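Visitor: Here is the input, now give the coordinates:
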Amino acid sequence: MPSSPVRHPARAAASASETAHAPGAARPWRWRTLALAALVAALLGGVAAVSCSGRSGPPEPGSSQLSGMLLDPQLSEISGLAASHRHTDVLWMHDDGGNPERLFAVNTRGDRLATLRIEGVTKTDWEDIAAFDLDGRHYLLIADTGDNGGLRRTLQLHIVEEPEKIENARLKPAWSIAFRWPDGARDCEAVAVDIARRQVLLISKKRQPPELFSLPLMPAGNALQTATKLGELAGIPQPDAQLKRDNPMRARLQGQITAADISPDGSTLAVMTYRYLLLYPRQPRQSWAQAVAGAPRVRDLPWLPQAEALGWAADGRSLYATGEFIPAPLYQIAP
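Guide: Residues are numbered from 1 along each chain as shown. Okay, the predicted model is just below:
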């Protein structure tokens, strides 16, 4: 079947809202329900359009397409996403603080396939996840690094091996890393693994410009590690004077870093904010500090409800992105 144009879901919701306020429209408590229904219909229509078009593979370079929808109530607070290196078309996701220690296996249409409990750890505020391969094994790094209040003295990274089968199960970390910041607490929602350097990269969320830190992926012993500051990220788009005046909260939030991931070939660091996707290319002999000091390629994200989860596809040809509330679109974005 030929594909149909996908109406922007935010506009669909706004249209429903405007209709609800028209003379003779539904009462205020009902227009929110109508707006939500319009949003879901628009997003599901987009999924159907992609399916019926017969398209396969990533979208055209520089574009995005709707891959699926998150509708499962258990996926309502997704804060991290990583594409499986072991299972085709499987994405690993987790929710943030206040929820059990668990990972979700989700397909690329947004359907939850399995829930895995992580044993032996305490979850404070999980904020990102990264997939990597090491010595022929497939691993996931879970970052318990959220700190909205700037109060945590120590933070944790937990590394678990990807399970052989996609089914409900219990996992234990292969190892964990406890660490602290070198100069006081800060919020961090973005981590990535550079396997060539056996290094974990971490990016601060709220400070401007954002700061880049590193930790060893496999530190010797169990001693508390101290993150090393590598540099600062250049090129974060800044709000203009009108946005600061008209919507100061949006102006303050739109440049905050909420996720990051390194491409499978190690050449590009992708960084997500609440509004933008930034791509920092790295030359073969460059350090990451040098790479993020240069100007990134900047793109507006497609519409997302609180964009907080981003990860490269296993083949490195695209990225997957979603938001924290349901219903939430799951996008595939070509760099």
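
Visitor: buried residues in stretch 155-172?
Guide: 155-160, 162-163, 166, 171 (16 or more other CB atoms under 10 Å). (Glycine included, C-beta is placed from N, CA and C.)

Visitor: I meant stretch 94-103, not that one.
Guide: Neighbour counts using 16+ other CB under 10 Å place 94-96, 101-103 of stretch 94-103 among the buried residues.

Visitor: Among those residues, name the least confidently predicted one.
Guide: Across the buried residues of stretch 94-103, the bottom pLDDT score, 91, is held by Asp96.

Visitor: Check the gap between that one and Ile78 for me.
Guide: Computed as CB to CB, to the nearest Å, the Asp96 to Ile78 distance reads 8 Å.

Visitor: again with Leu319
Guide: Leu319 is 15 Å from Ile78, by CB to CB.

Visitor: one step back: so which of the buried residues of stretch 155-172 sit within strands?
Guide: Using DSSP state E, the members of the buried residues of stretch 155-172 that fall within strands are 155-160, 171.

Visitor: Strands of the stretch 51-200 of the chain, start to end?
Guide: 64-70, 78-83, 90-95, 102-107, 112-118, 126-134, 137-144, 155-161, 169-171, 175-180, 188-194, 199-204 (DSSP state E, counting those that start in this stretch).

Visitor: as a whole number, average confidence for the last one?
Guide: Put plainly, it is strand 199-204. Computed over strand 199-204, the average pLDDT equals 98.

Visitor: relative to strand 126-134, how tilted is it?
Guide: Using axes from the mean of the first three to the mean of the last three CA atoms, to 10 degrees, the inter-axis angle of strand 199-204 relative to strand 126-134 is 160 degrees.

Visitor: the inter-axis angle of the next helix or strand after strand 199-204 versus strand 155-161?
Guide: Counting by DSSP states H and E, the next helix or strand C-terminal to strand 199-204 is strand 211-216. Counting by the same axes, to 10 degrees, strand 211-216 lies at 50 degrees to strand 155-161.

Visitor: Listing partners with orientation, what would you give for strand 211-216?
Guide: Using DSSP bridges, the strands paired with strand 211-216 are strand 199-204 (antiparallel), strand 228-232 (antiparallel).

Visitor: winner for burial among those strands?
Guide: Most buried of the strands paired with strand 211-216 by mean neighbour count (mean count of other CB atoms under 10 Å) is strand 199-204; its value is a mean of 24.

Visitor: which residues sit against that one?
Guide: The list of residues contacting strand 199-204 from outside it, by CB atoms under 8 Å, 6 or more residues apart in numbering, reads 130, 141, 143, 145, 157, 177, 186-188, 190-194, 210-217, 227, 230, 233, 257, 260, 262, 269, 271, 288.

Visitor: Can you get me a residue count around Asp315?
Guide: If you count neighbours by other CB atoms under 10 Å, Asp315 ends up with 10.

Visitor: so what's it up against?
Guide: Shown in contact with Asp315 (CB under 8 Å, 6+ apart): Pro264.

Visitor: Next, work out how far apart it and Gly68 are.
Guide: Distance from Asp315 to Gly68, by CB to CB: 18 Å.

Visitor: quick one on the thing from earlier: adding distance to Asn247, write the strands paired with strand 211-216 out as TSV.
Guide: Shown next, in TSV, are these (distance: least, CB to CB, whole Å):
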stretch	distance to Asn247
strand 199-204	23
strand 228-232	26
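
Visitor: Poorly predicted segments of this protein, please.
Guide: 1-56 (pLDDT under 70).

Visitor: Could you pull out the helices in it for me?
Guide: 9-20, 28-53, 241-246, 248-253, 288-292 (DSSP state H).

Visitor: name the helices or strands packed onto the fourth one?
Guide: Contacts of helix 248-253 with other secondary structure elements, assessed using 3 or more CB pairs under 8 Å, 6 or more residues apart in numbering; DSSP states H and E, are made with helix 241-246.

Visitor: Just the residues contacting the helix it packs on, thanks.
Guide: For helix 241-246, contacts defined as CB under 8 Å, 6+ apart pick out 250-251.

Visitor: Please point out which parts of it sit buried.
Guide: Buried residues in helix 241-246 (16+ other CB under 10 Å): none.

Visitor: Keeping just the C-alphas, turn that helix into CSV.
Guide: The C-alpha trace of helix 241-246 is given here as CSV (Å, rounded to 0.1, in the frame of the first residue of the first chain):
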residue,chain,number,x,y,z
ALA,A,241,15.9,36.4,23.9
GLN,A,242,12.3,35.9,22.9
LEU,A,243,12.2,32.3,24.1
LYS,A,244,13.8,33.3,27.4
ARG,A,245,11.1,36.0,27.8
ASP,A,246,8.1,33.9,26.6
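
Visitor: switch to numbering from 3
Guide: With 3 as the first residue, the last one maps to helix 243-248.

Visitor: How far does that helix sit from its chain's centre?
Guide: Relative to its parent chain, helix 243-248 has a centroid offset of 27 Å by CA atoms, centre = their mean, to the nearest Å.

Visitor: Give me the neighbour count for Trp305.
Guide: 18.

Visitor: Distance of it relative to Leu93?
Guide: For Trp305, the distance to Leu93 - CB to CB - is 19 Å.

Visitor: okay, how far is it across stretch 215-223, tip to tip?
Guide: Its start and end residues considered, stretch 215-223 measures 21 Å (CA to CA, to the nearest Å).
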